[in-house]
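# when you get a sec, could you give me coordinates for this:
(one chain, ligands or ions: 1)
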Amino acid sequence: MLTWIVPKRNILYTTLLEGMTDVHAHLLPGVDGGSESLMDSMAALKRMKEVGVKRIFLTPHIADECKNNSPELLQAKYSILKECCPPDMELYLAGEYMLDSGFDARKRGEILTFPGKQILVETSCSSAPERFLTFLFDLVLEGYKPVIAHPELYRYMTQDDYYFLKDKGYKFQLNLFSLAGLYGKLSRTVARNLLDKGFYDYVGSDFRRLGDYEKGLKNLYLSANRIRQVGELFENNDSLWHSGSLPKQII
Ligand SMILES: [Fe+2]
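Numbering: from 1, shown residues only. Below you'll find the model as predicted:
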C-alpha cells in the first residue's frame, strides 16, 4: 500500500506573511493581559514587521474583567503606540468584545469596530453565555456584523453549532496558530475541519506575547492546500482593511 506524504512548509518559508494584514492582536500596552509595556509592544511590532506584517487591527479585550478599558483610555494608548510604530506599518484601533453581562451597557457607548460595523466578539472558551444568540441577533438588528473570534477554541461548540452560526451569516476568525497546535490538539483539529468547510472569513495572530508568537511561527507547517486556504483568508483581511469605509479616527 502506498503511503502519500504531503510535503509541508514552515510559514516563514512561504510568501503568506508578506505584506499581511493581521486582524487580531493584543498589542496596546498594559490594558488586557497582552503586551505589558510599550517596550514589549515596540519589540513585537519590530518582529512582526520583520516577518512581513504591514497592517494590524489592534483588538484589546473589552470585557467585565477589563473594567478600565474605556474607549477613551484605549484611544490614548493607541495614540502613543502609533507614535512608536515602525515606518511602513499601519495600525487601526478596533476591539475584541466579550459577550458578558456588561456587554449591553458597553454597546450604548462608543464601539470600536472593524470597517463596515463588523464587530469582533468572543465568549468564554468553556461555556456559552446565557444570552449568546440574543447578543448576536441584537447586534444584527442594530446594524452590526458579528465576527466570532477563534471559534475553534470554544470547547462547548458542536458541529451543529458551527453550521447554525454560519447559516445565520456570522463571520468566523481563525487564530493562525491554532493550526500550529498552540492551543492544543483539539483546537487544531477543529480549526482544520472548519478551514476545510470554508467556514472562516478572516485570520489573525491573536498576538499576546512575543515568545508565543515565535513558538507559533516555528511550529506552523502547512501543506500546499493549507497555504492556499490560509492565503484566501489573508486576502479577506486585506479587503477588510482596504474596504474604503474605514472611519477616520482621532489620533
Ligand atoms: Fe484575542
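
# run the chain-centre distance for stretch 190-204.
Chain-centre distance of stretch 190-204: 13 Å, with Cα atoms, centre = their mean, to the nearest Å.

# and what of stretch 216-232?
16 Å.

# what are the buried residues along it?
Across stretch 216-232, burial judged by 16 or more other Cβ atoms under 10 Å covers Gly216, Leu217, Leu220, Leu222, Arg226, Ile227, Gln229, Val230, Gly231. Bear in mind the C-beta positions are built from the backbone N, C-alpha and C, glycine included.

# what's the answer for stretch 63-73, then?
Ala63, Cys66, Asn69, Pro71.

# cool, and stretch 83-93?
Quick answer for stretch 83-93 (16+ other Cβ under 10 Å): Cys85, Leu91, Tyr92, Leu93.

# let me know the closest of these to the ion.
Nearest to the ion, judged by Cβ to the ion, of the buried residues of stretch 83-93 is Leu93 at 14.2 Å.

# got a list of contacts for the longest helix along the chain?
Criterion DSSP state H: the longest helix present in the chain is helix 224-241. Contact with helix 224-241 is made by 6-9, 14, 16, 20-23, 55, 57, 92, 114-116, 118, 174, 176, 179, 195-196, 200-204, 222, as judged by Cβ atoms under 8 Å, 6 or more residues apart in numbering.

# out of those, which end up buried?
If you count burial by 16+ other Cβ under 10 Å, the buried members of the contacts of helix 224-241 come out as 14, 16, 20-23, 55, 57, 92, 114-115, 118, 174, 176, 179, 195, 200-204, 222.

# please narrow those residues to those residing in strands.
Those of the buried ones among the contacts of helix 224-241 mapping onto strands are Met20, Thr21, Asp22, Arg55, Phe57, Tyr92, Gln118, Leu174, Tyr202, Val203, Gly204, Leu222, per DSSP state E.

# how much space between the fifth one and Asp167?
Computed as Cβ to Cβ, to the nearest Å, the Phe57 to Asp167 distance reads 26 Å.

# swap in the third one?
When Cβ to Cβ is the yardstick, Asp22 and Asp167 sit 28 Å from each other.

# also the last one?
Distance of Leu222 to Asp167, computed by Cβ to Cβ: 28 Å.
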